[in-house]
Structure formats: structure tokens, C-alpha cells
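Novice: Sequence and predicted structure, then a few things I'm wondering about:
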Amino acid sequence: MTTINSTPVTANRKLLNWVEEIVQLCQPAAVHWCDGTQQEYDALCELMVKGGTFTRLDGKLRPGSFLVRSHASDVARVENRTYICSPNKDDAGPTNNWADPVEMRKKLKELFKGCMKGRTLYVIPFAMGPLDSPLCRIGVEITDSPYVVVNMRIMARMGRVVLDKLGAKGEFISCLHSVGAPLQPGQQDVPWPCEPDVSRKHIVHFTEDLSIWSYGSGYGGNALLGKKCLALRIASLMARKEGWFAEHMLVLCLTSPQGKKYYLAAAFPSACGKTNLAMMQPTLPGWTLRCLGDDIAWIRLGADGRLYAMNPETGFFGVAPGTSNKTNPNAVATVARNSIFTNVVLRSDGDVWWEDMGVPPPEKGMDWEGREWTPGCGRKGAHPNARFTAPAAQCPAIDPDWENPQGVPLSAILFGGRRPSTIPLVNEAFSWEHGVFLGSAAGSETTSAALHQAGVLRRDPFAMLPFCGYHIGDYFAHWLALARRTDRAKLPRIFFVNWFRKSADGRWLWPGFGENSRVLKWICERIEGAGKAVRTPIGLLPAPDALDMKGLDISGADLAELLSLDVEGWKKEAADVGGNYQKFGERLPAELNKELQDLKARLNEEPTMDLGKASVR
Ligand code: OXD
Ligand code: MN
């Protein structure tokens, strides 16, 4: 067996033993301990160019960047092949696939036996969170995919510095990954090796030793194990035990014209524009927005009783289609260089293109499957879940505190989803418990970019449906308990937003994107105890004149609809939330059932809305 970078610069016995054990099991042709340097990154990219996996993009148009096409069977996270293996089935809860840990280990050992034959095994020490943060956690991913190594270098802190921090005795989360495509002697490799048989793909989390085993897919969250597997599923388990929160939330900083900073976190389901909001350019004069993270927030209670949020990642793994100078100019600038594009169109000039990029399509190109493609050919050029991987530090709107080891103090938490009807533009919770209720009831209409049938309402509590590593009822209880651990006045205010409301004839009622700053301004005003609000059965809605609408051409009727209370729609909504709550059984906290019953009762009373009379909470 050859070894490249063979001398492991660690005295961590546990790590050395684990690597040895996996080498025995997977039987790779070589072992490479990743040092995380630029030279290593460049060499692996070059290796993939030579092997036909990567295409180097034009050095002037897209410097330092590459295109890769995945196998058609391997284009997204595979939720139905994702498992939580807790000894007790009930502890995984109704939102997870459960499997018996003993049986699953047996099955995985069989799958992994010899699975890296003919390939190099890479050891990737990585850290989620700044190395000096109290929340920083170390993982080690073993993978046979160089694509994973280079993506991990963008998405997490990795290499030598992490081994140094780990030291001889430090603890790490073991993350084992294989594409599941051993090579026989003399067998020619393919550009995107994976296990095409979906039933053999497994993304498995063991709750006792907090280990991750992923087999058969090389794509995104299935394979970059620091992201959804560690920073959400495994971290949510650790967070519950240790009293913090691992959330599917963006973090941003809004600064008012007076120079006051407001840090906000927002949980929206996948494909609801988290990346767009995280780095949005406000249209309101004098307001600025800076990005701290677009996907994951680790949140802890500070000594001063406030909640502090930190982004554990160092990059963006964003959906490319729909990203344009109109929807997200900061993302367009971020991916201008040093980025990896997966499953987009390759233009003949050596640059990339995707649907709704805001620039004309090339006359001719190659689609995400590597076939000749022309604009009118009837097929999409990019896969709807095509991605860019780009360093967060390249974002022109990155916040100076994005790597602050302490995190930033949150003033508000937003929930949201894609809801064409019923849900108003913005709604403030009456209390912490009501806010947790709104989060537990979150849902979104699915789009073709997601992994599911398009156009159906999928309840997605706290946007954590596929990411909570334990029983979701216990997760709600964990959030509710926070109000007993600190002064309520120090808790962030909770809001529900909906940028996706449509008129009866199918028009978007709200322009979204930079105009969302108008809603964020009202949220900041509410935090200051100023913004005018109307008390309604569902929460506190902006008073009719409370949103700053200067310079926005939107009809009074449309605005009224966006801010109106649809009592009949909400009665249906409450019934549907109640139906979904049934699934959570006895572990649904009584407080949430009470919130639901109170909502139903308020909806059955005469609506008390007096639009002329604004009440400040
Ligand atoms: C993501 C997701 O890729 O939530 O971030 O699906
Ligand atoms: Mn996400």
C-alpha cells in the first residue's frame, strides 16, 4: 500500500487506532493525511482534472474555479436513506428513519468491507466553528473522494491546525464516508464514482458514540459530513445534552442609519432563499446588511443571559439556479473565483451558466449531464439542485464578526417558508412559547429544486425536519426550556415571515429580495419597542402604515392582503397543524398544545382587529 503524506502528525492514539481500523476494513490502495494547505488543494484539483472529474474553468472569466458533473443517480441529499440509530426507536421520533444500531452496524460493516479498493483513503481533520470558540467541535472525516476533500477545505477549517488543536488526548467525532465504488485491478475509474443503486446508499448517525457512516453518495450533505450530518444531526444531540442549540439558520447583521446593530437568525426550509436573505442588499436608504452565515447556526446562552449565534462553517454550498445579480448580487460576487460548480452548464468560453442567472444563455454549451445543450432544446441546462461551493471570506457582505469565537448576540429569530396563501408577510409572536409554537408549525410549499414532489405543503418544524437528530417533541421542549433558564426580556423576539404570498390570480404580492429590508426594519423597530402593531388572533401584525413603503410601487390592496388576517384560512391552518401534531404523540410539550388550542379559540372569537388602533406590545 502506498502512502502519501503518510506520517500522521498526531499522537492522538484514538485517532490513529480508528484510522488503522478503517484501513483494515476498507482496504484502500493508499492513505493520505490531509494537511489543509493550498498546495494540497491545488494538487487534488489537478489530480481530478487529469482524471476527468474536474474541468478547469477559464482562468480569466472564473479564476481558480472548476466544474464537476455528478452521476445522474446522485444529485441531492437522500432523506429516505438517512437514518438515526438510537438504541430506543422512540428516541429518533416520527421525523426520522430509525434503524437498530446493532443491525445497522453489521450491515454497514459488510458494505464498507473492501469498498475503497483501488482508491486513496483521505483523512480530513476538520473543525466546525472557530478553533478558539467555546462551541468549536472537531470531526475527522475519512473519505475516498478527493471531491469531498476539496469541498471540505472550503466549507470547514481543516488540516494540520485541527490536529494541533486535537492534541494527543482530544475527542473527535468520527465521520466515515465512501462513494461505494471499489476499483478492481486495471479497472478504469469514472468521473463521478458512486453507488448508483439507491437502496444501497446509507447516511447513518449513531446516537450513542455520535459517529457518522455514509456510503454510496458523493453529493453535498450526503458526503460533506461536517455540514448536515455533524453540524445539525449529531450537533443537535450534543446541544440538547449540553444546553445549547444547533440550528438550520442563517445569521445576519442589520445596521440602522443611526449605526445600531441588530443580529438576526432565520430558519427557513431548504429552497426558501436563506442564502439570498443572508447576504441581501437592503433597498432602504441608510440600512446595511452583513452576512455571518447562510445555513447553520450554533447558538448558546451567554453569561449575560443573551443568546449568542455562531456559524460553524467557512463556506457556502448554495443552489446555483436562480442566483443572479437581481436575486443575490453578493453571491454572484462570492462565486467569481476559487469556487467549485457542480451540475451547471459549461459554456464554450470556459465559464459556467445556469437557469435564471440573469445573463443570456450561451448559444451552445454542455448541460449538467455533459450533453450538447442549446437554449431552446427543451431540457434544463443545469440540474435544479446544482450547487456552488465558495469561501465565505470572499463574500463582499461578510460581517467583520463572522469568525468571532463568542458568536454574536441575537435580537430576533425569524421562521419562514414558502406559503402562497394564508400566512401574512410578517407576524410577531406574543411570547416565547407562542414563538416556539410558530416555529413548530412552520412549513413550506415544495419546489422542483427540492427533493420532493413539487407544490405540496410540507410541514418542516424549525426547518429541522430532515436535520433533528432526536425526537422532535423533545426538541421543542428543549427550546421551551430556554425561557426558564434566562430572563425573558433578554430572549430574542420571534417573528414569522412569508415572502412568497400570491394573489388569487397567481401573482407574487411581494417583490422580495432587497425589499425584504422593509420587513426587517419593522422587526428592528419592534425590538426597540416602537414599531406599530395590531394584535390579532394569530399574532402581532404591522399596523397598516407601519411598514416603510417609501419608493416601493405596490398597490394599497396588495399591501392590505399581505398584512390581512385570513380567518378561514387560519382555521384550516390550525386544523392542519393539529393533524401534524398527532404524529408527535406524548412527547409533544403541553405548552404547544395549549398554544394551538388558544389559537383556535381566538380564531373562533369575533376577530378583535381594530386596524386603526395600533397597540405596542
Ligand atoms: C441545504 C439544504 O443544502 O438545506 O442547505 O438542503
Ligand atoms: Mn440547508
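Specialist: On my side now, so go ahead. Ligands and ions are numbered 1, 2, ... in the order given.

Novice: can you pull out the strands in the stretch 401-550 of the chain?
Specialist: Counting by DSSP state E, counting those that start in this stretch, the stretch 401-550 of the chain has these strands, from start to end: 408-416, 426-428, 443-445, 457-459, 493-497, 533-536, 539-542.

Novice: The fourth one - contacts with which helices or strands?
Specialist: Applying 3 or more CB pairs under 8 Å, 6 or more residues apart in numbering; DSSP states H and E, one finds that strand 457-459 makes contact with strand 443-445, helix 567-582. C-beta: built from backbone N, CA, C; applies to glycine.

Novice: One more: the first one?
Specialist: In this structure, strand 408-416 packs against strand 261-267, strand 307-310, helix 432-440, strand 493-497, helix 517-527, with contacts taken as 3+ CB pairs under 8 Å, 6+ apart.

Novice: about what we covered before: TSV for the strands of the stretch 401-550 of the chain, including mean neighbour count?
Specialist: Below are the strands of the stretch 401-550 of the chain laid out as TSV (neighbours: other CB atoms under 10 Å):
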stretch	mean neighbour count
strand 408-416	23
strand 426-428	25
strand 443-445	22
strand 457-459	18
strand 493-497	23
strand 533-536	21
strand 539-542	24
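
Novice: so which of those comes closest to ligand 1?
Specialist: In this view, the strands of the stretch 401-550 of the chain are compared for proximity to ligand 1 by CB to the nearest ligand atom, and strand 443-445 is the closest at 11.1 Å.

Novice: Let's have the helices and strands packed on strand 408-416 in CSV, adding mean pLDDT and distance to Ile138.
Specialist: CSV is the format used below for those (pLDDT from 0 to 100; distance: least, CB to CB, whole Å):
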stretch, mean pLDDT, distance to Ile138
strand 261-267, 98, 24
strand 307-310, 98, 15
helix 432-440, 98, 30
strand 493-497, 98, 32
helix 517-527, 98, 35
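
Novice: how about these in a markdown table, adding distance to ligand 1?
Specialist: Conversion of the helices and strands packed on strand 408-416 to a markdown table gives the following (distance: least, CB to the nearest ligand atom, whole Å):
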| stretch | distance to ligand 1 |
| --- | --- |
| strand 261-267 | 11 |
| strand 307-310 | 17 |
| helix 432-440 | 16 |
| strand 493-497 | 18 |
| helix 517-527 | 22 |
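
Novice: mind checking the SS state of the nearest residue to Ala11 once chain neighbours are set aside?
Specialist: In space, Ala11 comes closest to Ala168 once its chain neighbours are excluded; the distance is 4.2 Å by CB to CB, 6 or more residues apart in numbering. Taking DSSP: H, G, I helix; E, B strand; the rest coil as the rule, one finds Ala168 in the coil state.

Novice: so Ala168 touches Val9, yeah?
Specialist: No: with contacts defined as CB atoms under 8 Å, Ala168 does not count as touching Val9, sitting 11.6 Å away.

Novice: Pull up the gap between the closest residue to ligand 1 within the chain and Leu465, please.
Specialist: Taking CB to the nearest ligand atom as the measure, the chain has Ser270 as its residue closest to ligand 1, at 3.4 Å. Plainly put, Ser270 is 9 Å away from Leu465 if you go by CB to CB, to the nearest Å.

Novice: out of these two, which sits in the more crowded spot?
Specialist: Neighbours were tallied for Ser270 and for Leu465 using other CB atoms under 10 Å; the higher tally belongs to Ser270 (26 against 20).

Novice: Which helix or strand contains the more buried one?
Specialist: In this assignment (DSSP states H and E), Ser270 forms part of neither any helix nor any strand.

Novice: Tell me the confidence at it?
Specialist: Looking at Ser270, its pLDDT stands at 91.

Novice: Could you point out which residue ranges in the protein have low pLDDT?
Specialist: 1-4, 6, 448-452, 606-617 (pLDDT under 70).

Novice: what does it put close to ligand 1?
Specialist: Contact residues, the chain versus ligand 1 (CB under 6 Å from any ligand atom): 77, 220-221, 270, 295.

Novice: Quick one: classify the spatially most central residue of the chain as helix, strand or coil.
Specialist: With the centre of the chain defined as its mean C-alpha position, the nearest residue by CA atoms, centre = their mean is Asp295, 3.5 Å away. In terms of secondary structure, Asp295 is coil; the call rests on three-state DSSP.

Novice: Pretty sure it sits against Gly315.
Specialist: No: distance between Asp295 and Gly315: 9.7 Å, which falls outside the contact criterion (CB under 8 Å).

Novice: Mutual contacts of those two, please.
Specialist: Among the neighbours of Asp295, none is also in contact with Gly315 (CB atoms under 8 Å, 6 or more residues apart in numbering).
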